[in-house]
Every structure is written in C-alpha cells, then in structure tokens.
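Visitor: Sequence and predicted structure below; questions after.
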Amino acid sequence: MKTGKFGIPGKKALFKGFGRQQSCGNGCHRNSYRTKKKQKKYYSVNKKHPSLKMQVVINQESKPIICLYFEPGHCHDFSLFKKSNLHFHPSTDSVQDSGYQGIKDYRFNSSIPKKKPTKANVFLLEKDYNRALAQEGIVIDYVNRSLKVFKILSSRYRNCHRRYGLRCNLLSALYNYDLALRSKIQKLEF
C-alpha cells in the first residue's frame with residue numbers, strides 16, 4: 001500500500017470529474033454469518049439471510065473502481081447512496097439501476113430505467129430507453145463479477161464485519177492495478 005501502486009481514487013475524484021464524464025453505480029449484497037447481537041441490522045429481507053451491502057462507483061469508459069461505500073444488509077440501494085454522501089462533478093452523467101428511484105431529486109444528470117405504471121403498459125419508446133440504459137449499465141455487473149473472482153467476496157463472508165470495508169478496498173485496489181497493467185500491455189502491443 002505504501003508504494004502507491006495500490007489504491008482507489010476515492011470520493012474526491014468524483015467531484016473533480018474524469019474522462020468521458022460518465023459513471024455507473026450499483027449496490028450488491030454479500031452473504032455473511034449471523035451475528036449474536038444486532039441481527040436485525042444485518043438481515044436482508046430481500047435475500048432472506050444476513051448480509052453486507054457494498055456500493056461500487058466506476059468510470060464507465062475505462063472501468064476502474066473510483067470509490068466504495070459499505071452498510072449492513074438491511075439498507076436499500078437509494079438510502080445507501082444518500083448515506084454515502086457522494087458529490088459528483090456537475091458535468092458527470094451517471095447510470096443507475098431501478099433500485100435508485102428518487103435519485104433525480106439529488107442529481108439531475110442521473111439516468112434510471114422507467115418503471116411500468118400500475119394497470120398500464122410501458123410504451124415502446126420507454127422500452128427502448130430501458131434497453132439502452134441496460135446496455136450502458138452492464139459494465140458495473142462485469143466489474144462486480146471481476147471482484148467476485150476473489151473467493152472472499154463470492155462465498156459467505158466469515159470474517160469480522162468491521163474489517164469488511166478494508167478487505168473490499170484492498171481487492172478493489174488489486175482490480176484497478178490489474179486493469180492498469182492490462183492497458184499498458186495493450187498499448188505496448190500496438
């Protein structure tokens with residue numbers, strides 16, 4: 001860590017802006033063990049087991065992880081975003097999934113899929129919009145898959161909950177370092 005080769009840029013990089021000016025955010029669950037105290041805090045009704053939740057923000061063009069935020073499993077995606085207190089650059093566009101309904105009140109440059117109204121059909125134009133957003137937002141799922149290559153994030157997390165953020169930051173730094181090495185190799189080949 002002291003060499004400076006490993007690390008993630010952090011929240012300050014979001015406010016400065018970057019590259020193509022487009023970011024992508026997503027929250028993902030990780031199974032965890034059942035605690036003896038404060039079980040309600042970690043229990044996810046959605047997943048029906050105790051879990052930890054992580055919000056990942058990436059640069060959509062070059063795919064490095066910019067920042068992470070962690071909460072117990074009962075936290076919803078949008079409330080996770082509000083608690084993280086992220087400040088994007090005004091010209092940065094962001095793409096989120098449907099778990100971030102209401103983000104337009106906080107960020108006007110955010111794109112979320114249109115939900116189907118009750119007792120009505122979704123228009124063809126809205127379906128095309130949702131499909132285009134899904135094609136842009138799939139990048140974050142590829143990054144999550146790359147992180148789940150590490151067994152500590154793919155299987156049940158059995159370590160101390162307080163150290164979860166530290167371990168995820170380290171694995172994200174390894175992912176960013178690997179991505180930087182791959183881009184250098186590609187430049188040398190051409």
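Guide: That came in fine, so what should we check first?
Visitor: could you point out the longest helix in this protein?
Guide: helix 164-189 (DSSP state H).
Visitor: For the residue nearest to the spatial centre of the chain, what is the enclosing helix or strand?
Guide: Geometric centre of the chain, nearest residue: Val56, 2.2 Å, by CA atoms, centre = their mean. If you go by DSSP states H and E, Val56 is part of strand 49-59.
Visitor: Grab the nearest non-local neighbour of Ser98.
Guide: Excluding the flanking residues, the one nearest Ser98 by CB to CB, 6 or more residues apart in numbering is Pro113, at 5.0 Å. All C-beta spots, glycine's among them, are computed from the backbone N, C-alpha and C.
Visitor: Check for me that the one you found belongs to a strand.
Guide: No - counting by DSSP: H, G, I helix; E, B strand; the rest coil, Pro113 is not found in a strand; it is coil.
Visitor: Tell me if I'm right that it and Ala134 touch.
Guide: Yes - in this structure, Pro113 is within contact of Ala134 by CB atoms under 8 Å, at 7.3 Å.
Visitor: which one of the two has more residues nearby?
Guide: A direct count of neighbours by other CB atoms under 10 Å for Pro113 and Ala134 places Pro113 higher, at 21 against 13.
Visitor: Check what pLDDT that one gets.
Guide: At Pro113, the predicted lDDT confidence score is 85.
Visitor: same question, Cys75
Guide: With respect to pLDDT, Cys75 scores 75.
Visitor: and the residue nearest to it when sequence neighbours are not counted, what are its bridge partners?
Guide: With sequence-adjacent residues excluded and distances taken as CB to CB, 6+ apart, Cys75 is closest to Lys53, at 5.3 Å. Per DSSP bridges, the residues bridged to Lys53 are His29, Glu71.
Visitor: What segments of the chain are strands?
Guide: In the chain, the segments counted as strands under DSSP state E are 22-31, 43-44, 49-59, 65-72, 93-95, 110-111.
Visitor: Tell me which other helices or strands the longest one touches.
Guide: Taking 3 or more CB pairs under 8 Å, 6 or more residues apart in numbering; DSSP states H and E as the contact definition, the neighbouring helices and strands of strand 49-59 are strand 22-31, helix 39-42, strand 43-44, strand 65-72, helix 77-84, helix 124-147, helix 164-189.
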